[in-house]
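Student: I need the structure of the sequence given here:
(chains A, B, C and D)
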Protein chains: 4
Amino acid sequence: MTEIRPLPTYLVQRFHGWRATTYQDNRAWYRRLAQSGQHPRAMVISCCDSRVHVTSIFGADEGEFFIHRNVANLVPPYNPDGEYHGTSAAVEYAVTSLGVAHIVVLGHSNCGGVKGCHDMCRGHAPELEEKSSFVGRWMDILRPGFQAVAHLPEDEILQALEKQAVLTSLANLLTFPFVKTAVDDDRLTLHGLWTDTGEGGLQQYDPARDGFVEV
Amino acid sequence: MTEIRPLPTYLVQRFHGWRATTYQDNRAWYRRLAQSGQHPRAMVISCCDSRVHVTSIFGADEGEFFIHRNVANLVPPYNPDGEYHGTSAAVEYAVTSLGVAHIVVLGHSNCGGVKGCHDMCRGHAPELEEKSSFVGRWMDILRPGFQAVAHLPEDEILQALEKQAVLTSLANLLTFPFVKTAVDDDRLTLHGLWTDTGEGGLQQYDPARDGFVEV
Amino acid sequence: MTEIRPLPTYLVQRFHGWRATTYQDNRAWYRRLAQSGQHPRAMVISCCDSRVHVTSIFGADEGEFFIHRNVANLVPPYNPDGEYHGTSAAVEYAVTSLGVAHIVVLGHSNCGGVKGCHDMCRGHAPELEEKSSFVGRWMDILRPGFQAVAHLPEDEILQALEKQAVLTSLANLLTFPFVKTAVDDDRLTLHGLWTDTGEGGLQQYDPARDGFVEV
Amino acid sequence: MTEIRPLPTYLVQRFHGWRATTYQDNRAWYRRLAQSGQHPRAMVISCCDSRVHVTSIFGADEGEFFIHRNVANLVPPYNPDGEYHGTSAAVEYAVTSLGVAHIVVLGHSNCGGVKGCHDMCRGHAPELEEKSSFVGRWMDILRPGFQAVAHLPEDEILQALEKQAVLTSLANLLTFPFVKTAVDDDRLTLHGLWTDTGEGGLQQYDPARDGFVEV
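Tutor: The predicted structure is shown next:
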């Protein structure tokens, strides 16, 4: 593949800096993780957005979290049709192979994917409605969530829809038989979070209030 | 959803610690990122594995990388069939909405997904061959890559297959018209990396040698 | 000593987070504890095992418990031979210098040290029988306890031996003259506990039944 | 043993509170830890002092640290004489059975054991010099460290001796063949810390300066 290029120099330099410092200080641990395998406590499902840093927020180091990141931190419903399902594969691997104890779905403010879903559901984004739009079809997962918030005023609806993305993913997770069984057996707990990346806030879903409250 | 639980206390404490330190020190930047939007320079596609930390390796901070993580850092071929394609949606969003300048595919050592593919292709993992196995069907993406390495001795084949996963993803990326056009227009470059998490090594694909060389 | 390394970065970050939150909120108390000295109510003797968290189980804060942790929560018999006796030193300091009112011996499930003792007493762990095995020699303390449970069926013996470790430590504590006197003078009480770390259970030794009962 | 008493009511109540809250929220993880075994990253050697809380300082939860606590966080030199060596057994178990990647020795301010050593070395604590004093004999480990600081002014000597306790333990750790080999093979790193419990400070040993510097 002649199209493949060498890594930009600034990344090469940063890598060598990391290797001479952080790696040296943690080599013993990284080697042990390589030899004895990973035993992450939790799976985190978060957005690809460059402003979302789950390991930073929770002071986590290598080995702690099994992390899946996709557009708008969505989990589609269970559908074992033999096709490619990257998110479902990640959930299956985390629950059945690694036996994680927690799945944390982490939504966030200013989510571009959620904004696209909002515009599409409002009829303002015809390009996202085309069959060939991968983002549009992916955000279809959140369409039912839009119905739940469509009545809200303009300045509240996007944040509410970002939280619906978290709740939709949690509800869809429970449609996977191996997730439901693990939850019922108290081998797995599910958690819903939403972070305001600009203000450094963190809210979690509280089923007692059926809403999000500050952590 | 009564199944949803509060966040474990130790994570709550760590979050408050992060908010009082790292967040305070970077608030100006995080707020500006929230207000003016993200402008990541690169998209990184890496594995969910808890031992792979791309932001750490490259000393990256919030805002630098748009990160998609799935099992075995795979990109499926272009297939606009109207179904859910999380990886394709992430690539589309990065290239067409964010206009990233680079896509880096980062493979790694001791990859459980790649190991599963190897076992499946050898006929040693019947459970992964079932239609209902999300991991098995997802790893079907790498089946052609297995043919390319099947002749290698036992102690080389897994690492070679991990690198095939990177090459398969790069080749599949080029089947997306918007990726191919951006590459041809010099608006986007593609890069293939493989990291040895235990030894802190980093190799990149060099098309001149058609192989991986140390960075 | 050139072998000494800087603290891993993630622990540095977590420490600064703790200092900015928990420490700030409790500074008045921590300073008073530093100035007026510690006055712990109880000494706790528990295992080094990472799954045993006595402060968490009892909601304890700084200043409440004087905690000695060793392999299998063992106390050797009184033997003032002038050699190094770390456990005896801890007991002596707690009783004669601090005047604690209680000594709690806390055993636990899945204890690796107790398992080693079991295997050694069964003749299945020759490496633990070597003179140079510190773990083996330390677990010799529990050999008499093994005799008391050797007749039990396989699926009961390990838990029974874990409880024998608690009883052995309590019996050995009473061989220390300063412990015996304090107990006889009603200045000190002894307590024997066993916790099931997976199930969150807690049992205590009841002399009336000569057995362990749920707390 | 008729001397054994039931657990004080306030501890029983706290336990039930923990079980109804923290345990419920973390049951999935605690069960997995019970079933699949502990994989702690680090061994921590700290003092029994009730003011030293290593899990709190580092935001650690169950499963992260294998913790040995004794008077003055001391490690005696390697001496495989077949006698009981609780500290050596803990180090052996951590390094050879668990394969921890780090050993952290954590000293602290206002250490009563170190104060006793100081008084004893100054000839002001004859009771500690008796053969039958377990604390005195245990603190003999630190006598060589006293020589290194004996010239310091009164208001500096105790803190300097507390740091000597950390250095003495680190030096003694390197006399254990299995520790030395693991360090030489880059499978294990050693770290020396000293915390000011009242001020919430943390210093680490820096071999380049041969002294302690703020973390």
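Student: So the helix or strand containing residue A:31, near chain C or not?
Tutor: Element membership of residue A:31, judged by DSSP states H and E, is helix A:24-36. Yes. Using CB under 8 Å from any CB of the partner chain, we find that helix A:24-36 touches chain C at A:25, A:26, A:29. For glycine as for every other residue, the C-beta is placed from the backbone atoms N, C-alpha and C.
Student: Next, the contact list for the residue nearest to the second one when sequence neighbours are not counted, please.
Tutor: Looking back up the chat, that one is residue A:26. In space, and not counting its chain neighbours, residue A:26 is closest to residue C:8: 5.4 Å by CB to CB, 6 or more residues apart in numbering or on different chains. Residue C:8 is in contact with A:25, A:26, A:29, A:61, D:102, counting by CB atoms under 8 Å, 6 or more residues apart in numbering or on different chains.
Student: With residue A:160 instead?
Tutor: Counted by CB under 8 Å, 6+ apart, residue A:160 has contacts A:149, A:152.
Student: For my notes, confirm it occurs in a helix.
Tutor: Yes. The assignment for residue A:160 by DSSP: H, G, I helix; E, B strand; the rest coil puts it in a helix.
Student: Domains in chain A, by residue range?
Tutor: What automatic domain parsing lists as the domains of chain A is A:1-37, A:38-214.
Student: Least confident of the ones you listed, on average?
Tutor: Of all those, the minimum mean pLDDT falls on domain A:1-37 (a mean of 92).
Student: picking that back up, neighbour count added to the contacts of residue C:8, as a markdown table?
Tutor: Converted to a markdown table, the contacts of residue C:8 look like this (neighbours: other CB atoms under 10 Å in any protein chain shown):
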| residue | neighbour count |
| --- | --- |
| A:25 | 18 |
| A:26 | 23 |
| A:29 | 22 |
| A:61 | 22 |
| D:102 | 23 |
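Student: of all those residues, which comes closest to chain C?
Tutor: Nearest to chain C out of the contacts of residue C:8 is residue A:61 (CB to the nearest CB; 3.9 Å).
Student: so that closest one, which of the three states?
Tutor: Under three-state DSSP, residue A:61 comes out as coil.
Student: Not counting its neighbours along the chain, what's nearest the spatially most central residue of chain A?
Tutor: Central residue of chain A (CA atoms, centre = their mean): residue A:46, 2.0 Å from the mean position. Sequence neighbours aside, residue A:106 is the residue nearest to residue A:46 in space, at 4.2 Å (criterion: CB to CB, 6+ apart).
Student: Surely the one you found and residue A:53 touch.
Tutor: No. If you go by CB atoms under 8 Å, residue A:106 and residue A:53 don't touch, sitting 10.2 Å apart.
Student: So which of the two has more stuff around it?
Tutor: residue A:106 (24 against 21; other CB atoms under 10 Å in any protein chain shown).
Student: where's the more buried one, which helix or strand?
Tutor: Counting by DSSP H and E, residue A:106 is found in strand A:102-108.
Student: Quick check: which helices or strands does that strand pack against?
Tutor: strand A:42-47, helix A:154-173, strand A:189-196 (3 or more CB pairs under 8 Å, 6 or more residues apart in numbering or on different chains; DSSP states H and E).
Student: before we move on, back to that, for the helix holding residue A:31, which positions count as buried?
Tutor: Buried residues in helix A:24-36, defined by neighbour count with 16 or more other CB atoms under 10 Å in any protein chain shown: A:25, A:26, A:27, A:28, A:29, A:30, A:31, A:32, A:33, A:34.
Student: just checking, the fifth one touches residue A:62?
Tutor: It stands for residue A:29. Yes. Counting by CB under 8 Å, residue A:29 touches residue A:62, with 7.3 Å between them.
Student: re the thing from before, determine which stretch of the helices and strands packed on strand A:102-108 is the most buried.
Tutor: Sort the helices and strands packed on strand A:102-108 by mean neighbour count, taking mean count of other CB atoms under 10 Å in any protein chain shown, and strand A:42-47 sits at the top with a mean of 27.
Student: Only the C-alpha atoms, please, for that one, written as CSV.
Tutor: Provided in CSV are the C-alpha atoms of strand A:42-47 (Å, rounded to 0.1, in the frame of the first residue of the first chain):
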residue,chain,number,x,y,z
ALA,A,42,-14.7,-2.1,34.2
MET,A,43,-15.7,-1.6,30.6
VAL,A,44,-16.2,2.0,29.6
ILE,A,45,-18.2,3.0,26.6
SER,A,46,-17.6,6.6,25.6
CYS,A,47,-17.6,8.9,22.6
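Student: Contacts made by it with the rest, please.
Tutor: For strand A:42-47, the surrounding residues in contact (CB under 8 Å, 6+ apart) are A:52, A:54, A:64-73, A:75, A:87, A:90-91, A:94-95, A:98, A:100-108, A:111, A:113, A:169, B:48.
Student: I'd like the distance from that strand to the chain centre, please.
Tutor: Here strand A:42-47 is found 4 Å from its chain centre; the criterion is CA atoms, centre = their mean, to the nearest Å.
Student: And for stretch A:48-58?
Tutor: 10 Å.
Student: hmm, that stretch in reach of chain B?
Tutor: Yes. For a cut-off given as CB under 8 Å from any CB, stretch A:48-58 has contacts with chain B, namely A:48, A:49, A:50, A:51, A:52, A:53, A:55, A:56, A:57, A:58.
Student: Quick check: phi and psi on the residue nearest to residue A:26?
Tutor: Dihedral pair for residue C:8: phi -50, psi 140, per degrees, to the nearest 10.
Student: interface residues of chain A facing chain C?
Tutor: Residues of chain A lying near chain C by CB under 8 Å from any CB: A:22, A:25, A:26, A:29, A:59, A:60, A:61.
Student: switch to 6 Å and redo it
Tutor: Counting by CB under 6 Å from any CB of the partner chain, chain A comes close to chain C at A:25, A:26, A:59, A:61.
Student: For residue A:95, what are phi and psi?
Tutor: Main-chain torsions, residue A:95, degrees, to the nearest 10: phi -80, psi -40.
Student: Contacts only, for the residue nearest to residue A:86 when sequence neighbours are not counted.
Tutor: In space, residue A:86 comes closest to residue B:70 once its chain neighbours are excluded; the distance is 4.3 Å by CB to CB, 6+ apart. Contacts here follow CB atoms under 6 Å, 6 or more residues apart in numbering or on different chains; on that basis residue B:70 touches A:86, A:90, B:87.
Student: Please save the CA atoms from the host helix or strand of the last one in CSV.
Tutor: The secondary structure element spanning residue B:87 is helix B:86-92 (assigned by DSSP H and E). What follows is helix B:86-92 as a C-alpha-only set of coordinates in CSV (Å, rounded to 0.1, in the frame of the first residue of the first chain):
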residue,chain,number,x,y,z
GLY,B,86,-20.3,2.1,14.2
THR,B,87,-16.7,2.1,12.9
SER,B,88,-17.7,3.4,9.5
ALA,B,89,-19.7,6.2,11.2
ALA,B,90,-16.7,7.2,13.2
VAL,B,91,-14.4,7.3,10.1
GLU,B,92,-17.0,9.3,8.2
